[in-house]
Structure formats: C-alpha cells, structure tokens
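S.K.: Requesting a structural model of the entry that follows:
(chains A and B)
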Amino acid sequence: MLCIWLWACLLAAGAARGDAPVSVEFLPQWSPQSQFAGYYVADAKGFYKRRGLMVTVMRGGPDRPAGVQLADRRVAFTTLFLTEGIALRDQGVPLVNIGQIVQRSALMLVAHKKSGIRTPDDLDGRRVSVWDEFRLQPLAFFRQNHLSVSLVPQGYTPNLFLMGGVDAASAMWYNEYHVILNSGIDADELSTFLLADYGFNFPEDGIYCLEETLHGNPEAVRAFVQGSIEGWRYTFAHPEEALAIVMACVDAANLPTNRVHQRWMLARMGDIICPGGDCDDMGKLNEANYLFVGRQLRDNGIIQAIPDYQEFYDPRHATP
Amino acid sequence: MTRATRHPKRRGLALRLALFILASTTLIFLAAFGYSHYHTRRLVLKNVSAVAMDRAASVVLQIEIKLRSVEALPRVVSRYLENRTVTDELVLPLMHDMVAGSPEIFGAAAAFEPHAFAPDQRFYAPYFFRKGSAEATFTQLGNESYNYFLWDWYLIPKELNRPVWSEPYFDEGGGGTLMTTYSHPFYERSEEERMFRGVVTADVSLENLVADIATISLYETGYAFLISNRGAFLAHPDQTLIMRESIFSMAEARKLPELRTVGKTMIQGGSGFTAMTCPHTGRRSLLAYAPVTAAGWSVGVVIPEHELFADIRTLNRTVLTIAAAGLTLLLLVVVAISRSITRPLQHLVGATEEIAKGNLEVQLPEVRTGDEVQVLTRSVDEMRVALKEYIADIAETSRAKERIESELKIASAIQMNFLPKRFPPFPDQTAFDLYAALAPAREVGGDLYDFFMLDPGHLFFSVGDVSDKGVPAALFMAVTKTLMKGMAEQGSTPADVLGRVNAELCQNNETAMFVTLVCGILDMATGDLVYSNAGHNPPVLLRAGKRPEFLTLPPGLVLGVAEEAVFETRTIRLFPNDRLLLYTDGVTEAMDADDQLFSDERLLGETTGMAAETPRQMVERLMAAVHAYAGGTAQSDDITVLALHYRGSH
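M.R.: Residues are numbered from 1 along each chain as shown, chains lettered A, B, ... in the order given. Purely as a prediction, here's the structure:
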C-alpha cells in the first residue's frame, strides 16, 4: 500500500513540473577554465538534469562577450562581473542577478620587487598596465593612496609586464598571477596588492538572466541557480574530480593551458567564493557591497544611477 | 712433561695463500677498475657535453637564420612608411608583395594607431595572408570584436618602442598552426620627437622549425626541445605539451625545483650543460641549452644518462666477467700450486708426528720436487736415521753400564767380605776393644783395614789407603791386604812387614799405583805398641784423662814405589783406657760446600769428646761428623776409621 502511494506522489510531482525538460543555454564570460568549474561539474554530474533542466554550456571567450549575448537573448543564463551587470542594467539591459557566486575580488596589482616597488606608495610615477573593463578598482586604489601613475592599456596576456614594458600590471589572483609565476618569476620576487585588501572588494562572478526569463520560467531559473550552487559545493568537496572535468572541457576547446594552472585557479576560486572556508554566502549579494560598487560606478561616470537593489538582485532562487 | 701436543686450529697454507693472493689481486683490480670507470665517465661526459652543445647551437643557428631573414622585411617596410603620406595605393601593393614574394612569411600586416591612417577611421590594418597554397588573401583587421590595439603583437612593440617577436600562438585562421609574429614599430618623426604610428608585422609558421627539432634524436631517447621566453614549450617530441605546458608548469607538476631553476636560466638567455631529472621519464638526464637571441627563446637538448653510459656499462660487464673468470682461474692455479707445495709437507707432517710419537721406523714420503721441501724431507729422514742410531747406541751403552754396575756390586760385596766384619772380633778378649768401618766413595774403594791375632798375646792391625779409587784401587788393595796378612803372620816387626810388602808390590807394578799404610802390633799384656808407617796420616792417640794428640810416626815412603825403601819401627806403651784412632785421608780431606777441608784440628776437636766412648761409638761419631760436615757434597774419597780401646791386662 505504502509503495503504491509513494509512486502516485512521484507521478504527481513529475506532472506538476511538466514532463518535457526545459532546454537552456548558459554562457560563461570567458574561455573554459576552473573559474567556471562549478557549472561544468553541475553539468557533468547531472545536477541540472536532475532538476529537469537541459543545460547547454557554451564556449565563452573574448570573441563572444557574455553581456551582449544575454542582451541579444542568444543565451538564457550567463555569468558576469558585478560591475558589468550593474553597467548593463544601467544601460537598459533588463538583466537580473539571480545568484552572486564570487564574494571576493581576485583583482590585484603585481610588480617586480627588484624595480623597487614594495608598498603602494612605490607605485607613484610608475607605468602600470590596467584592463580597460576592470580599471575602476585600481583607479580608486590609486586615488586613495594619492598616486599619480602612468596608465598603460593591458592586453590579454601579462607578456608586456614580463618583457619589462611596465612596472606593474593588473592580474587576476587565480589566473595571470599564476601565469607570471609559471613564466619563471618566483613569488618572493613579486610585490602584490590584492585590491580587496585595500577596501576595494568588488564581488565578481554572478549568475544573470533577463527579467523575462525570471518571470516566464522561474522553475528553470531556480533549477539553474540551485544546480550551479550544488556544482560548486561538489567541486570544493572533490577538487581532483572537478579538475578532471575542467581539463576535459579545456582539452575539447584546445586551449593553451595546463593542469597545474587549472589546479591553482580552482584553489583560488575556493578562496574567493568561500572566503575563510565559509560557503554560506554563496549565491547571496550583500547589499552594502552592492551599493559600494554602485557608488564607485556612478561616481566615475560609468553609470547614471545605481539600479535599485531589489530590482537588480532576486535572492529567492539562491536560497534553498 | 706432558707430550700431549696441542695443535693450533689448522688453517692450511694452501687456503691462506689462495685467500691472500686472491684478495690482493681483487683489490688491485677494483682500484684500477674504479679509476678507469671514473675517467671513462668523465671522458664520455666531456664528449657528450660537446656534442650536445653543438647540437643545441646548430638548432639555434637554424632558427636564428630563419627569424633574422624574416625580420628584414618588416624593418624595411616600416622604415619606408615613416613620414610618408600613406594611402591604400601605397600600402596594399607593398604588403601584398611582401607576402607573395616571401615564401617563409605566412602573413603580413601594417597596423595603424587609431585614426592615424584617416581621421574618421579608428582601425586601419590591411593584412595579407596565405590560405592554403593560394595567392595572398587580403583582409582588414580590426573591428569592435577584434580590437588589435590590445593584442600583444601590437601593444608590446608600441610600449617597448622596439621590434618584438611575439609569444608564439596557435593561429585559428591559419589552420591552427603554431605561429609567431615579428612586429616592427614605425613613427612619425620630427626634429624633436617621434610619434608612434603603428607596426608592420610578419607572421611565420613555426611548423617547419618545430618539426626539425622534434625529429632530433640522440642516443635511444635523447631529444631536443624549444621553449619561448615565458618557458612555454614550442617544440617537443610530445606534441600535447606544445603551448600548453611550460618548463615551469612541468617543474611544479613533477615537483622538480631544479627544473624551474634551469628554466629560469634558459629564459634569461643563459647557455650551459647541466644534470637534471627528466620530467617525462623521471630518469637522471643531461641537458645542454642555448638561447635563440632573436626571439628570446631557448633550445634544450636532453640526453638520458643511462643511455650515455650504456656502452660503458656493457664494457664494465665484460671487464667484470673477464675479471671474474680470471680470478677464478687464478684461484685454481694458486690452489694447485700451493697444494703441490703443501701435499709433500702434509705427508712430512704426518711422518714427523709419527716420529714424535717415537716411531722411528716410519717411511718418509718420496719427494722429487727439487726444492726446499725435498731438502727438508731428506733432512728429516737423516734426523730419523741418526735418532735411531743414537737410541741404539744408548741402549747398548746402558746395557754395558748395567753389566759393569752389577759386576761392581759383586766386586764391592767381595771387597767388603775381605774386611773383617764381625764385631766385637774377639769376644773372649778383655784387654782391648776394637771397631772399624769403611765407607767407599764408589762401589769399590781403595781403603783397607785389617786386624788379627798373631798369637794369643799380640794383636796386629793396619789401616791403608791406595793412591787411586775404583776397581784398580780395589784390586791393589786386595793384593796389599793379602800380602800384609801373609807377611805379618811370618812373625816380624811392623817395619819388616812393610819392607817385605813393599818389595812384593814393587814387583811388576806397571800401573805405578801405591798405597799409604800404618800398622802396629799391640802386646796385650804390657800395652806395648810397636808400629810403623808408610806415608800414612798419623793416628790420634787419646790417653786416658789427656787431650788427644797425633801419634808421632816414623818417616816411611809409600808402598809400591821404591823397592829399596826402608821403614822404621817405633814403640810406645799404652795404658789402660788409652784409645787409638786410625783413619784415612777421606776424613781430614772431606770437603764442605765451600771446598773447605775437614782438617786435622777439627779431627782432634771431635776426638776430645770420645774419652769415655766405646770404639764403635767413636767410629760412628766421627763418621757422622764427617757426613754432617760434608752436607750434600758428594763424597769424593773413601773414608775408613778404626778405633782401638786398650783396657789393659788384669
């Protein structure tokens, strides 16, 4: 009797969700790497499928800007830095943050110790390369320390820095910093300034979709956010398995990277998603942080007004 | 002394010889082998280092030639573009011809700063490239999604203000081939300054170079590789490493800090030859490296150590095998030689042990080696024979000695029987008492004494000493005693008796022996004593109640020397309880341990205490005194003492 009753309940649940799974596309904002391990793992381990969602993880990269793809409705879900999300919203793109994954900024400045740079003050009058899209944090940092630096545009590699073209360069802790280490420069030969440590903690990767998706298919949104969070939790619990999944994606994309680098990146993602080993805030966008980033964007003329926090961030799907 | 021979633990001569020779030969061999091995290795390393460095240098040279030849065109074109009004008509044919005319160039571009070509045009970068084997294809680079201002090939030469070879990359448009781009900046120059206007680039495929390097092989699995100035692998036999792994990521993945150190030296333009652990095989390897200065790359040549030394190992194995065989042979030879030496010795040892046990009949082994062992064997045999003869001699001698000794015993018994032994000699006589004793130094002696009654009123007594000792003296004594008795019984004076005895003894006395003698006749009724002397010691006269004194003897030559010798007779009268003590020189000349004589004085002293003693006591007392005086000193002469106690007639 009990068995039959249970079976009937399951049938009813299936019917309520709809029998045909929903197909969606997801675009990470950059090429396959451990930065997106949680999503690859969720896909590979069936965490989306189990929630009735068929996710196609698309290959990201510089030739496929995620924000543009989302605005053009070519993908349902994407990841974006918070700054980019706010800027797009300000520009009128009706996107919503449905889960803030990365809590802590990995952006840093790196300099050769032998060039005499050891404290922020030593950067005064130096040539520093910054990424155009991530210039806000370093600029605020320079202002705070009353530094006058000569800005040099930074490309897609740290090669200009490695070849001595600039005194300091921007780097993501999880990526370029390790690239520099693996270009034959030892950690103790470098001075590093993690901008989050100087009060400029801009939360980074968050999951975004358009308002219409949020309202039209809330089950799919919830399934994606919950599946992704489960993917990240699984990743940090099983780093070597996650690494193998990432490497499979990397190899499929024929990218010039290696396992050592991806292992480093995975470990650093753990540091910025779960600062101090605490994963409780995964998916949550802290309002104070949001307003701080918004003010920085507004004060630097990047946005007109700070979008309303309630409209920008929907916390419902990140909570279990 | 026990004859139990304790044999020390036997370690045969053959074994010791073999061990010593083998051990020292092995030591010498190992020393030589080690030295040779060490130097061969060094020699091989030296040669290999030269070969590997040559190889690296030749690879470097190939790459340099190709890169340098490519560098020329962008240099010329950028120079040409400086300070010129640039139009499509000027640039496009130039760039087209640059690609079309240079088979080594895959593509070429002239990329301008924003609005530098035309004020309304942000991007201007005409690019000609080969697509397959076709003519050079044209395209304009640069749009919102390909912002070339941020790409290394443009940005780095601009910021560094010098021509630069880019970090190699996989070109998607070029069919995923490995490419590198040479970018030469050009400027708008005025008197005071120069203004950056753009770069002229040339793309080259690294495919050919990489293929060449990847096919290089040294020894079995030695190989060459090429790394970029960031340490990324550009050429490597393992294709999957190319552009993915760097020498530093390998160092991190395989936990080889030494590889990281070498990598740093390599990308800093160093060259050298070093030992390291190969990240692929995990084996110790040798690495020669040299820089490609044009692009800041570095070429490495890796040779696994175990292959380098494979020939040496083979040689070592052969040498060791030969050595082992040689040493085994040596062992056999040494054992054989030492056996040949020690086998006769062992037989000899067996034989000598038999000899030591006393078996002199043992047969010694036949040895014909002609060496010391043969000599030794012969000597031992001679010793055996000599021992045997000596022992036979000794047996013979001791038999003879035993016979003589037994004869001497008989002679001694006979001699003693000559002398009167019965005391008291005349039990019915009350006028006197008499006692005598003779202690020969050997079995038979030359002393004599005698006494007998000439008639019921007269006692004849005598004490003598033959000049020699032993059997001849004994015979001479026997003759003398017999003569004395015979002559005395014919009735005459003592001097007359001595004269006649002397005459007899001198007849045929070829041995020139002689005898000293004193004799006397005591008239028991009167106590008158007539006596005579033939060279003898004076007797001690102990008159009753007086001190002892030597009896004054008439002069007289010893008997048996001179036929015409004349003897005198003296007379004294003995009174009752007078005592007379006769002796031979065995008493006065007895010697103590310090060779001091007993002496006449000591004799008189000893006699003083005899005033109340019987003759027997007197004799025994004197004998005891002499023995006590001599102590342990062997008796050298016969000792004879005769004591007479005159009681007087009643």
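S.K.: Now do the helices in chain B.
M.R.: Per DSSP state H, chain B has helices spanning B:13-81, B:88-100, B:152-160, B:207-215, B:247-253, B:257-267, B:305-308, B:310-356, B:372-418, B:470-489, B:494-506, B:585-588, B:600-608, B:615-630. These are given in chain order.
S.K.: And for the third one, what's in contact with it?
M.R.: Taking contacts as Cβ atoms under 8 Å, 6 or more residues apart in numbering or on different chains, the residues outside helix B:152-160 that touch it are A:152-153, A:155-157, A:159-160, A:163-166, B:111, B:148-149, B:163-164, B:166-167, B:181, B:183-185, B:196, B:198-199, B:201. Quick note: C-beta positions are derived from backbone N, CA and C, even for glycine.
S.K.: go again using 7 Å as the cut-off
M.R.: Residues outside helix B:152-160 that contact it (Cβ atoms under 7 Å, 6 or more residues apart in numbering or on different chains) are A:152-153, A:155, A:157, A:159-160, A:163, A:165-166, B:111, B:148-149, B:163-164, B:166-167, B:181, B:183-185, B:196, B:199, B:201.
S.K.: Please apply the same query to the second one.
M.R.: With contact meaning Cβ under 7 Å, 6+ apart, helix B:88-100 is reached by B:73, B:77, B:84, B:105, B:107-108, B:110, B:126, B:128-130, B:136.
S.K.: how long is stretch B:140-151 end to end?
M.R.: Start and end residues of stretch B:140-151 are separated by 15 Å (Cα to Cα, to the nearest Å).
S.K.: Tell me which residues of it come out buried.
M.R.: Going by neighbour count (16 or more other Cβ atoms under 10 Å in any protein chain shown), the buried part of stretch B:140-151 is B:141-142, B:147-151.
S.K.: tell me which of the contacts of helix B:88-100 is nearest to residue B:427?
M.R.: When those are compared for distance to residue B:427 (Cβ to Cβ), residue B:105 wins out at 171.3 Å.
S.K.: what's the pLDDT at that closest one?
M.R.: With respect to pLDDT, residue B:105 scores 89.
S.K.: Surely it touches residue B:204?
M.R.: Yes - between residue B:105 and residue B:204 there is a contact at 6.2 Å, judged by Cβ atoms under 7 Å.
S.K.: Mutual contacts of those two, please.
M.R.: In terms of Cβ under 7 Å, 6+ apart, residue B:105 and residue B:204 are both contacted by the residues residue B:70.
S.K.: re the thing from before, could you identify the buried members of the contacts of helix B:152-160?
M.R.: A:152-153, A:155, A:157, A:159-160, A:163, A:165-166, B:111, B:148-149, B:163-164, B:166-167, B:181, B:183-185, B:199, B:201.
S.K.: Can you tell me the number of residues neighbouring the residue of the stretch 401-550 of chain B found nearest chain A?
M.R.: Going by Cβ to the nearest Cβ, chain A is nearest to residue B:401 of the stretch 401-550 of chain B, at 111.9 Å. Neighbourhood size, residue B:401 [other Cβ atoms under 10 Å in any protein chain shown]: 10.
S.K.: do the same with the one 4 residues further on
M.R.: Counted with other Cβ under 10 Å, the burial measure for residue B:405 works out to 12 neighbours.
S.K.: Would you enumerate the residues in contact with the nearest residue to it once chain neighbours are set aside?
M.R.: Distances taken as Cβ to Cβ, 6 or more residues apart in numbering or on different chains place residue B:443 nearest to residue B:405, at 7.5 Å, with adjacent residues excluded. Applying Cβ under 7 Å, 6+ apart to residue B:443 gives the contacts B:408-409, B:411-412.
S.K.: Taking those together, which two end up most distant?
M.R.: Across those, the longest distance by Cβ to Cβ is 7.2 Å; it joins B:409 and B:411.
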